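A.B. asks: using only what follows, build the 3D model:
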Amino acid sequence: MALRFVILGGGPAGHQAATYAARLGADVTVVERDVVGGAAHLWDCIPSKAMIATGGAMAFLRRSGGFGLVAGEGTVDLDALRRRIGGIVDRLEGATSDLLRSQGVTLNRGTGRFVGPNQVTVDTAEGPVTLDADAVLVATGSRPRIPDWAEPDGDRILTTRDAYPPRTLPEHLVVIGSGVTGVEFVHMFASLGSKVTLIVSRQQVLPAKDAEVAAALEENFLARGVALLKGAKATGIERTGSDGADALRILCGDGRVVTGSHVLLAIGSVPNVDGIGLDAAGVQLDERGFPITVGHHLQTNVSHVYVAGDVSGKLPLSSVASMQGRKIAEHVMGLHALEHRHLDYDMAASAIFTEPEIADVGLPEAEAFATGRKIRVTKVPYASSPKALIDNDTRGFVKILSDPVTGVILGGSIVGRNAAELISVIAVAVTNRLRVGDILDSLLVHPSLSELLADAAE
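C.D. replies: Residues are numbered from 1 along each chain as shown. Here you go, the predicted structure:
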């Protein structure tokens, strides 16, 4: 009898694990209560990037005079934008569902929960269904963290999931949270025409990123009229009784007050582990509320129960979740006994879809200096690129970190147009321990932004 593999959650981790395990011969069932493709498709990554693309088109119209055109102003149609986002989500869900079916994966629509270590009950529209399992993957994702001083209403006080798009375009949006999600929303709504204020709890946006990268983004925000309130920690939200730009008062712990028409909370997420019966399976949680994992294979303390994606407590990236799903499928099916490379989270590339885009991978420069590690840092500006001049966008730079003795590439950061695409080259180099000479000796397209990589490798 084929191994019975039950997966809770059809997001990037879940559907990748499902299709791979099914190809290897497992009897796979995926349980999903919302959209196949997960929160990334329904609420987070894809809708936000669709809105950012719309904002980018509007920003292009404003600067189109640099292309010899008559510059203009675009006007956003929220209903049309909502239909566009819905259409993208529907197409992606259809493609993912078709892929699961083509691999023989059973899809159960409903909410799943453990009723024992090897049994999962799914509450479907037709009634409960009980599944027996030899292995279970919990990939139920996460939801926005809501502080006790805020009560989102989906109208004026928004979580990230209320904003794709909001009911009305904010006259003055106050974003609380200056991490990756927060700065993307700042860029998004500033591009769409809203006045934006960003509350920054530290002394720089993107506190976990390279200071030079953060400074470049701050400079762009300020040039676009975004107000930055640094060193401020929001502690409360009050309604003023007005329906205009000063409808809300955001209180900060140091006494400062910001007024705005809307507030958006972007202060992290919490794992979706409530109500899925982890205690019935014997799975233990850590102090943060994440299942405890053992070893490289993302097993919990119950060896046949695995976790992946946002529930794993690792890097909350769709690309990481997908790779986790594949690695777990290999382990479930016994392929880990063969030649196997463990997932190295330090080599995961990430991108922030602001304008300009930001991307990085590998060893952070600040960490190298903090630990006294000797590195070689080379940096070239976009302004030196013929393609950047053609594109009328010379903002940003490419930075490559390498070992000064061996030339092995240790990491890199990119700020600028198409950074999310360009970082892939450096990610391949970091993962495979390539040397700067390997990029320098490559015959790259001219004119292209990728030539900046070769310039930075010199």
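
A.B. asks: who's in contact with residue 61?
C.D. replies: Residue 61 makes contacts with 71, 72, 73, 74, as judged by C-beta atoms under 8 Å, 6 or more residues apart in numbering. Heads up, the C-betas are built off the backbone N, CA and C, glycines and all.

A.B. asks: what's the burial count for the closest residue in space to residue 444 that isn't next to it in sequence?
C.D. replies: Among residues not flanking residue 444 along the chain, residue 450 sits closest, at 4.9 Å (C-beta to C-beta, 6 or more residues apart in numbering). By the measure other C-beta atoms under 10 Å, the count of residues near residue 450 is 19.

A.B. asks: mind listing what residue 450 touches?
C.D. replies: Taking C-beta under 8 Å, 6+ apart as the test, what residue 450 contacts is 422, 425, 444.

A.B. asks: dump the residues you listed into JSON lines; add neighbour count as well.
C.D. replies: Shown next, in JSON lines, are these (neighbours: other C-beta atoms under 10 Å):
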{"residue": "422", "neighbour count": "22"}
{"residue": "425", "neighbour count": "21"}
{"residue": "444", "neighbour count": "15"}
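
A.B. asks: mind listing the helices for the protein?
C.D. replies: Counting by DSSP state H, one finds helices in the chain at the ranges 12-23, 39-42, 45-62, 78-102, 180-192, 211-223, 278-281, 318-332, 365-370, 386-390, 419-431, 436-440, 451-457.

A.B. asks: dig out what residue 8 forms beta bridges with.
C.D. replies: In this entry, residue 8 is beta-bridged to residue 31, residue 138, by DSSP bridges.

A.B. asks: centroid residue for this structure?
C.D. replies: residue 317 (4.8 Å; C-alpha atoms, centre = their mean).

A.B. asks: what about that residue, distance to residue 368?
C.D. replies: Distance of residue 317 to residue 368, computed by C-beta to C-beta, to the nearest Å: 22 Å.

A.B. asks: thinking again about what came up before, same list (the contacts of residue 61) but as TSV, adding pLDDT and neighbour count.
C.D. replies: Below are the contacts of residue 61 laid out as TSV (pLDDT from 0 to 100; neighbours: other C-beta atoms under 10 Å):
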residue	pLDDT	neighbour count
71	80	12
72	80	11
73	77	8
74	80	16
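
A.B. asks: between those, which is nearest residue 28?
C.D. replies: residue 74 (45.3 Å; C-beta to C-beta).

A.B. asks: buried residues in the helix or strand bottoming out on mean pLDDT in the chain, which are they?
C.D. replies: Between all helices and strands in the chain, the lowest mean by mean pLDDT, DSSP states H and E belongs to helix 39-42, at a mean of 73. Judged by neighbour count using 16 or more other C-beta atoms under 10 Å, the buried positions of helix 39-42 are 39, 40, 41, 42.

A.B. asks: what of stretch 202-217?
C.D. replies: 204, 205, 206, 209, 210, 213, 214, 216, 217.

A.B. asks: return the most buried member of the helices of the chain.
C.D. replies: Highest mean neighbour count among the helices of the chain (mean count of other C-beta atoms under 10 Å): helix 12-23, with a mean of 27.

A.B. asks: packing partners of that one?
C.D. replies: strand 4-8, strand 27-32, helix 78-102, strand 135-138, helix 318-332 (3 or more C-beta pairs under 8 Å, 6 or more residues apart in numbering; DSSP states H and E).

A.B. asks: might you report the residue contacts of the closest residue to residue 409 other than its chain neighbours?
C.D. replies: Take residue 409 and drop its neighbours on the chain: the residue closest to it by C-beta to C-beta, 6+ apart is residue 429, 4.3 Å away. Counting by C-beta under 8 Å, 6+ apart, residue 429 makes contact with 409, 438, 439.
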